[in-house]
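A.B. asks: My questions are about this predicted structure, shown below with the sequence.
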Amino acid sequence: MTESFNRLVSELEALPGIGPKLAVRIAYYIFKSPKDTVERLVKTINDVKERVRPCSICFNLTEEEICDICKDLQRDQSVICVVEEPKDIIPIENTHSYNGLYHVLMGAIAPLSGIGPKDLTIDALLERVKKGVKEVIIATDLNVEGETTAIYLSKLLKPLEIKVTRLAQGLPTGSEIEYADEFTLKEAILWRKEMK
Amino acid sequence: MILNSIELLSYRNYSHLLLNFDPNINIFIGPNGAGKTNLLEAIYLLSNGELKRGKKDSEAVKWGEPFTWVRGEVYCEDGKILKLVTQVKVNGEKAFSINGKIVPLKRYLGSFYTVSIFDGDNEIITGSPDRRRTFLDEFAVNIDSGYYFTLNRYKDILIRRNRVLRDKNFDRKLLDSLTQILIELGESIIIGRHKTISIYNEYLKREGKRFSIDVKIESPSMTEDIEESLSIYRERFNSSRDKEEAVGLTLVGPHRDDVVIKINGRDSRSFASNGEVQVIIFLLKIAQLELIKELKGYKPVLLIDEFLNRLDERNSKIILSAIEEKSPQLFASMISIRDIGRRGLIFSIDGGDVIDEESF
Ligand SMILES: [Zn+2]
């Protein structure tokens, strides 16, 4: 193959979930596509980089100062659901069984990768909680990092005398919220357990 | 369970080999280094999805070949016939199938049970505590497959906790969080081991009578009472916390607990003679066989490498009669033929090949 083609393939391969075969397929698809389709794709990618940023309250993705969820006053302002990444909000919203607010940590505590509590948005969460929140639902992944983060948060939040709950029911140990099916996730939200 | 046949492709020194077995006894006979152990190891690999302790799986692949295949046909007590395949690539990657369907290792394990006695098994007695912990844990996984998960999770958290302990300005709450998870998992492991030890001891007591010896597994960090054992764990853990911050390591827990095998009340590590070590190993293995039979409803196949050669006359008589009584399908390797009471097949092996096959 040519040099530019190979460069595209290796850029694509670096993306999550894309192996060498798929990278070649996508690169070839791009090569065959009309020029304006490719230009639109490039522009869309640029727009995301330029316009999308974290919500100044909850760190969800937004193109304004504050995201749609934080702006929506119909939502229950006294409950915050804590997730690791903005993408974890989507499956929870899809269950239509949660009507509170969110807080995105932007990761999880991972001592082995050197990600400590200070690298996450935990301070901002504490500030929000102090303004009249009654319950915090911790929806971090059920793997080692997510569990560590959940217990860490509960130790911080419990002294503030609010209810701290954890999604658990039915979700298999080790699982990631992003991949949980809708029904299981719905059950897990409805039957969330208070943390010890 | 009966292993009816085995087919090897590019396995060790064999390009291709197909053997049909006797339902009772199969003996691999030949001089040292003839390749008898290789065949027993192929059966072990088929059953456990990996080579025995201390060997890399890729060692199974014949030199210059990309992968090896071990295929076996197993008859189960409930009439099921299993066609099992373990494939190992030269880079160590493995794949497993049952009756033509590719399955993950988790599903594959527990389809064909074997109990084996190999040369290195003496280390269960003479080796470090780690060896005896592994011995118990392997069996606990048989009782409860969730235990495997708990063990791995415990190891994961342990590494993370030690990392935090070594960090000069660690976050106290983070350490507390990891401690909380670690202790919960540690307690599940202690419960699993406690259960395993008490099940084992029941069988050891019964089977030990044959040899007029009293073999018992004990852990210095546990008592007969499980609740008491758990509170001992928590207490020891808490009292070590200042020290572990100084050394940057988690000092107390199932990853460091010793396990002692006692013979007539004394620690077998220092007091058992060579002959007694052989007997204890045999007792542990025969207990394992009985336990799997009882818990899973399948009688495991017994693999014995060179073992019978190392026994004295008296013990070998008792052991053979014990095997006859339990009557598992037996695969044994020997240097020369000896009378073992039952009928079966002899495979003569030399220069890494099966050169003859006859019934006796
Ligand atoms: Zn927001």
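C.D. replies: Now that the structure is in, tell me what you want to look at. Residues are numbered from 1 along each chain as shown, chains lettered A, B, ... in the order given.

A.B. asks: Just list the residues touching residue B:183, thanks.
C.D. replies: Contacts for residue B:183 (Cβ atoms under 8 Å, 6 or more residues apart in numbering or on different chains) come out as B:233, B:234, B:237. Yep, even glycine has a C-beta here, placed from its N, CA and C like the rest.

A.B. asks: and the helix or strand encompassing the second one, what other elements does it pack with?
C.D. replies: Spelled out, it's residue B:234. Element membership of residue B:234 [criterion: DSSP states H and E] is helix B:226-239. On a contact count with 3 or more Cβ pairs under 8 Å, 6 or more residues apart in numbering or on different chains; DSSP states H and E, helix B:226-239 meets helix B:172-208.

A.B. asks: Show me what residue of the stretch 251-360 of chain B gets nearest to chain A.
C.D. replies: Here the stretch 251-360 of chain B gets closest to chain A at one residue, residue B:255, 15.8 Å apart by Cβ to the nearest Cβ.

A.B. asks: what about that residue, how many neighbours?
C.D. replies: Residue B:255: 16 surrounding residues under other Cβ atoms under 10 Å in any protein chain shown.

A.B. asks: Show the buried residues in the contacts of residue B:183.
C.D. replies: With burial judged by 16 or more other Cβ atoms under 10 Å in any protein chain shown, the buried subset of those is B:233, B:237.

A.B. asks: Of the contacts of residue B:183, just say which sits nearest to residue B:322.
C.D. replies: Proximity of those to residue B:322, judged by Cβ to Cβ, is greatest for residue B:233, which lies at 36.4 Å.

A.B. asks: Contact partners for the residue nearest to the closest one when sequence neighbours are not counted?
C.D. replies: Spatially, and ignoring its direct neighbours in sequence, residue B:233 is nearest to residue B:190 (5.8 Å; Cβ to Cβ, 6 or more residues apart in numbering or on different chains). Counting by Cβ under 8 Å, 6+ apart, residue B:190 makes contact with B:222, B:226, B:229, B:230, B:233, B:254, B:257.

A.B. asks: Using ChimeraX, define a selection of the buried residues within these.
C.D. replies: In ChimeraX, this line selects whichever of the contacts of residue B:190 come out buried by 16+ other Cβ under 10 Å:
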select /B:222,229,230,233,254,257
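
A.B. asks: Using a markdown table, lay out the contacts of residue B:190 together with distance to residue B:40.
C.D. replies: Output for the contacts of residue B:190, formatted as a markdown table (distance: Cβ to Cβ, whole Å):
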| residue | distance to residue B:40 |
| --- | --- |
| B:222 | 34 |
| B:226 | 38 |
| B:229 | 37 |
| B:230 | 40 |
| B:233 | 39 |
| B:254 | 32 |
| B:257 | 32 |
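
A.B. asks: Now tabulate the contacts of residue B:190 in CSV and tack on pLDDT and distance to residue B:116.
C.D. replies: Below are these laid out as CSV (pLDDT from 0 to 100; distance: Cβ to Cβ, whole Å):
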residue, pLDDT, distance to residue B:116
B:222, 91, 27
B:226, 94, 30
B:229, 94, 30
B:230, 96, 33
B:233, 95, 32
B:254, 94, 25
B:257, 91, 25
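
A.B. asks: if I pick the residue of the stretch 151-300 of chain B found nearest chain A, what's in contact with it?
C.D. replies: Relative to chain A, the nearest point of the stretch 151-300 of chain B is residue B:177 (4.0 Å; Cβ to the nearest Cβ). By Cβ under 8 Å, 6+ apart, residue B:177 lies in contact with A:109, A:148, A:151, A:152, A:155.

A.B. asks: Kindly report the same for residue A:20.
C.D. replies: Neighbours of residue A:20 in contact, by Cβ under 8 Å, 6+ apart: A:9, A:13.

A.B. asks: looking only at pLDDT, what's the mean for the helix or strand harbouring residue A:43?
C.D. replies: Using DSSP H and E, residue A:43 sits in helix A:35-51. Average pLDDT, helix A:35-51: 94.

A.B. asks: Quick check: chain neighbours aside, which residue is closest to the residue nearest the centre of chain A?
C.D. replies: Closest residue to the average C-alpha location of chain A: residue A:85 at 2.0 Å, with Cα atoms, centre = their mean. Distance criterion Cβ to Cβ, 6+ apart; nearest residue to residue A:85, sequence neighbours excluded, is residue A:104 at 6.6 Å.

A.B. asks: what about residue B:151, neighbour count?
C.D. replies: 21.

A.B. asks: isn't it right next to residue B:189, touching?
C.D. replies: Yes: using Cβ atoms under 8 Å, residue B:151 is in contact with residue B:189, at 6.5 Å.

A.B. asks: low-scoring stretches of chain A, by residue?
C.D. replies: A:169 (pLDDT under 70).

A.B. asks: Check which helix or strand residue B:165 maps to.
C.D. replies: Using DSSP H and E, residue B:165 sits within helix B:146-166.

A.B. asks: Now do that helix and helix B:172-208, the angle between them.
C.D. replies: Per axes from the mean of the first three to the mean of the last three Cα atoms, to 10 degrees, the angle that helix B:146-166 makes with helix B:172-208 is 140 degrees.
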